[in-house]
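Colleague: what follows is a protein structure lacking sequence information:
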């Protein structure tokens, strides 16, 4: 792990776990919040830190807000680098937490 | 005496119920305004580069949240989030790699043989189409950036024309 890697707290691992369970579809911030039960005050700083470290990518949903009738959602996806780093982190934790379904 | 007490209690109960309904209605009519104020306050606390994006994203998030209290709670959370979100570090703008050109003109030596160019350590994408990801004054910074990007990137020393992604 380099000195620019994000700090891997339990909450960060929850976020990565939620995104790794749907690697292709991606999840919006609200969906990640529901999955992880993290409050928005904790969730968004984690998402932006992971994105800065390139463990995550995010994209706006397709469509115009005026047509959708609501603000666009921004979907987060875990990158190959994120998967690699998260798996390494989980492997380090495996003796404490047991084997994970997606690892 | 007992009868008077019962009547007073009944009147108080009716007044309490009416007041409670009034307070609920007031709360319902004020919560969208309070939620909006909280979002605007949160956005104003964010680093400039995130404001536009997170305003839309957070409004969308609130929209997805059921119940007035839920929306209020979420918006209050944004206020906490905005204090924790820090600006991107130099050379780490969160744009897709193909759009990214993250350069700083400070700390670099001018390239005397090429006016308008500076010398530095470039992080380049080697696979697929060649792309200059960023330019750094020190090799250590460039190496760190390269490692954060994973495989398929390299570090080269060269000359960069400012305002472009030219790097030779």
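Modeller: Everything's here; your move. Bear in mind the structure is a predicted one, so any value in this text is a computation, not a measurement. Residues are numbered from 1 along each chain as shown, chains lettered A, B, ... in the order given.
Colleague: show me which positions of stretch A:67-86 end up buried.
Modeller: Neighbour-count burial for stretch A:67-86 flags A:71-79, A:81-83, A:85-86 (criterion: 16 or more other C-beta atoms under 10 Å in any protein chain shown). No exception for glycine: its C-beta is placed from N, CA and C like everyone else's.
Colleague: near chain B, which residues of chain A?
Modeller: When proximity is defined by C-beta under 8 Å from any C-beta of the partner chain, chain A lies next to chain B at A:2-5, A:28-31, A:33, A:39-45, A:48, A:51-54, A:57-58, A:65, A:70-74, A:79-81, A:84.
Colleague: centre of the chain versus the helix or strand hosting residue B:134, how much separation?
Modeller: Assigned by DSSP states H and E, residue B:134 falls within strand B:131-136. Taking C-alpha atoms, centre = their mean, to the nearest Å, one finds strand B:131-136 lying 23 Å from the centre of the chain it belongs to.
Colleague: just to revisit the earlier point, farthest pair in the buried residues of stretch A:67-86?
Modeller: Using C-beta to C-beta, these reach their maximum pairwise distance at A:71 and A:85, which is 30.8 Å.
Colleague: in chain A, which spans are helices?
Modeller: Along chain A, the stretches classed as helices by DSSP state H are A:10-20, A:29-36, A:40-52, A:65-68, A:80-97.
Colleague: list the buried ones in the second one?
Modeller: Spelled out, that is helix A:29-36. By neighbour count, with 16+ other C-beta under 10 Å as the criterion, the buried positions of helix A:29-36 are A:29-33, A:35-36.
Colleague: same check, this time on stretch B:69-84
Modeller: B:71-72, B:74-79, B:81-82.
Colleague: could you list the domains of chain B?
Modeller: Following automatic domain parsing, one gets these domains for chain B: B:2-84, B:89-168.
Colleague: chain A is nearest to which of those domains?
Modeller: With C-beta to the nearest C-beta as the criterion, chain A lies closest to domain B:2-84 of the domains of chain B, at 3.1 Å.
Colleague: gap between the helix ranked longest in chain B and the chain center?
Modeller: For chain B, the helix reaching the highest residue count under DSSP H is reported as helix B:2-45. A distance of 34 Å separates the C-alpha centroid of helix B:2-45 from that of its chain, computed with C-alpha atoms, centre = their mean.
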